[in-house]
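Novice: Can you look at this prediction? I've put the sequence above it.
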Amino acid sequence: MSGSKGSARLSGALLKPLLDSVDCVLFDCDGVIWRGDQVIPGAAEVINLLKKNGKRVFFLTNNSSKTRRMYAEKMATMGFSVAPEEVFGTAYCCAAYLSTVCQLQGSKVYLLGSAAMGQELEAVGVRHTGLGPDHITGSQSDWANVPLDPEVKAVVVGFDQHFSYMKLNRAMQYLTQQGCLFVGTNRDTRLPLEGGKIVPGTGCILQAVETAAQRQAQTVGKPNHYMFDCVASQYGLDRARCLMVGDRLDTDILLGSNCGLKTLLTLTGVSTVADVEAHEQSGCPERRKMVPDYYVDSVADLLPALQG
Ligand SMILES: C[C@H](OP(=O)(O)O)C(=O)O
Ligand SMILES: [Mg+2]
């Protein structure tokens, strides 16, 4: 798999030149530094040593279930201290996008998502409705005539553990309203958990709403460059000296390609070496953008290059 156009498997000392060539490392979370609540062995040591070696470290997760502060608290329990401002999750980035790009400060949105998304929206002055369980009631004609809040200017879709037919229906009814915006956090179809387990990801919920509404959402998460732009604009990063470390080719590695970053795939999450080879041999320019510069079995493979 090596070669000028191919992805190279790196290990041990070979990773040192790569790390020496960057000032900043951007880590994906699910499938790279943890799976669910189980930290990937070596992840905390790698992150602490990178910082000790003067590298800037940020976290870019498509997961919308936690606020920046909640993520910083989770990371502290795993042995690495991170400031909330170093974490860019889609709950925070989606709120930033709605308030600045969509200019919805003071406005209200219909939120299919988590309490964390609600907190990040409130933090930037965007009001919301729809959080929590929403069980079916009435008949089909009642569903088609659900009362809609006239103040709602957008439908926002993230991971919602209370997703239901009634929520799908309400979102659809709002999205048939003239001028109603449609924003999603991310399109990840699977969430990697402990012990190699997986559960349906936000992408499944978003695709259901898009199918019902017959509209495409604007997504904020990776591979959309908006998340990187959030970090770069706040910290003045040189994209040529940034390394994106991720487990998904169609989100993390594609974000890196889209933004001109160096890319490193870890094989502890969703994508596999076979996936890389398929894209590499596809001859399709779009698929080739999902071929990482390098790959390792796990983030722990970076340790020897940092302990020198
Ligand atoms: C899997 C993804 O999280 P990430 O891998 O971007 O941390 C998500 O939660 O949809
Ligand atoms: Mg991931």
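Specialist: Looks like it arrived, so ask away. Ligands and ions are numbered 1, 2, ... in the order given.
Novice: Looking at the stretch 201-308 of the chain, which residue is nearest ligand 2?
Specialist: Asp247 (4.3 Å; Cβ to the ion). To be clear about C-beta, it is placed using only N, CA and C from the backbone, and glycine gets the same treatment.
Novice: Tell me how far the residue nearest to that residue when sequence neighbours are not counted lies from ligand 1.
Specialist: Taking Cβ to Cβ, 6 or more residues apart in numbering, and ignoring the residues beside it in sequence, Asp247 has Gly269 as its nearest neighbour in space, at 2.5 Å. Distance of Gly269 to ligand 1, computed by Cβ to the nearest ligand atom, to the nearest Å: 7 Å.
Novice: Now Arg35: phi and psi?
Specialist: Main-chain dihedrals, Arg35, degrees, to the nearest 10: phi -130, psi 110.
Novice: tell me the contacts of the residue nearest in space to the middle of the chain?
Specialist: Central residue of the chain (Cα atoms, centre = their mean): Asn62, 1.4 Å from the mean position. Residues in contact with Asn62 (Cβ atoms under 8 Å, 6 or more residues apart in numbering) are 28, 30, 89-90, 185-186, 188, 202, 221-222, 251.
Novice: Looking at these, which are in strands?
Specialist: Assignment to strands by DSSP state E places the following of those there: Gly89.
Novice: and ligand 2, which of the contacts of Asn62 contact it?
Specialist: 28, 30 (Cβ under 5 Å from the ion).
Novice: Out of the contacts of Asn62, list just those in helices.
Specialist: Counting by DSSP state H, the contacts of Asn62 place 90, 202 in helices.
Novice: can you pull out the helices in the stretch 51-200 of the chain?
Specialist: Using DSSP state H, counting those that start in this stretch, the helices of the stretch 51-200 of the chain run over 68-77, 90-96, 115-123, 140-144, 165-175.
Novice: Check the model's average confidence along the shortest one for me.
Specialist: For helix 140-144, the mean per-residue pLDDT is 95.
Novice: distance between that helix and the chain's centre?
Specialist: Taking Cα atoms, centre = their mean, to the nearest Å, the mean C-alpha location of helix 140-144 is offset from the chain mean by 35 Å.
Novice: how about it: buried residues?
Specialist: Trp143 (16 or more other Cβ atoms under 10 Å).
Novice: let's number from 495 now, not from 1
Specialist: Happy to do that; since the first residue is 495 now, the last one works out to helix 634-638.
Novice: which helices and strands does it pack with?
Specialist: The contact analysis (3 or more Cβ pairs under 8 Å, 6 or more residues apart in numbering; DSSP states H and E) places helix 634-638 against helix 659-669.
Novice: Not counting its own residues, what contacts the helix it packs on?
Specialist: Contacts of helix 659-669 (Cβ under 8 Å, 6+ apart): 604, 606, 624, 628-631, 637-638, 640, 642, 646, 649, 651, 654, 674, 676, 702-703, 706-707, 709.
Novice: now with 7 Å?
Specialist: Applying Cβ atoms under 7 Å, 6 or more residues apart in numbering, the contact partners of helix 659-669 are 604, 606, 624, 628-630, 637, 640, 642, 646, 649, 654, 674, 676, 702-703, 706-707, 709.
Novice: what's the answer for stretch 619-629, then?
Specialist: Applying Cβ under 7 Å, 6+ apart, the contact partners of stretch 619-629 are 589, 592-593, 598-606, 609, 612, 615, 643, 646, 656, 658, 660-661, 664.
Novice: what's the average pLDDT for that stretch?
Specialist: In the prediction, stretch 619-629 has an average pLDDT of 98.
Novice: what's the answer for stretch 570-579, then?
Specialist: Predicted confidence along stretch 570-579 averages 95 (mean pLDDT).
Novice: Regarding it, how distant is the last residue from the first?
Specialist: Terminal residues of stretch 570-579 lie 14 Å apart, using Cα to Cα, to the nearest Å.
Novice: doesn't Gln613 make contact with Thr561?
Specialist: Yes - the pair Thr561 / Gln613 is scored as a contact, 5.2 Å apart, by Cβ atoms under 7 Å.
Novice: okay, the two: which has more neighbours?
Specialist: Shown here are Thr561 and Gln613; by other Cβ atoms under 10 Å, Thr561 has more neighbours (23 against 17).
Novice: what about the closest residue to Ile541 other than its chain neighbours, distance to Lys568?
Specialist: Using Cβ to Cβ, 6+ apart and skipping the chain neighbours, the partner closest in space to Ile541 is Phe574 (4.5 Å). Using Cβ to Cβ, to the nearest Å, one obtains 10 Å as the distance from Phe574 to Lys568.
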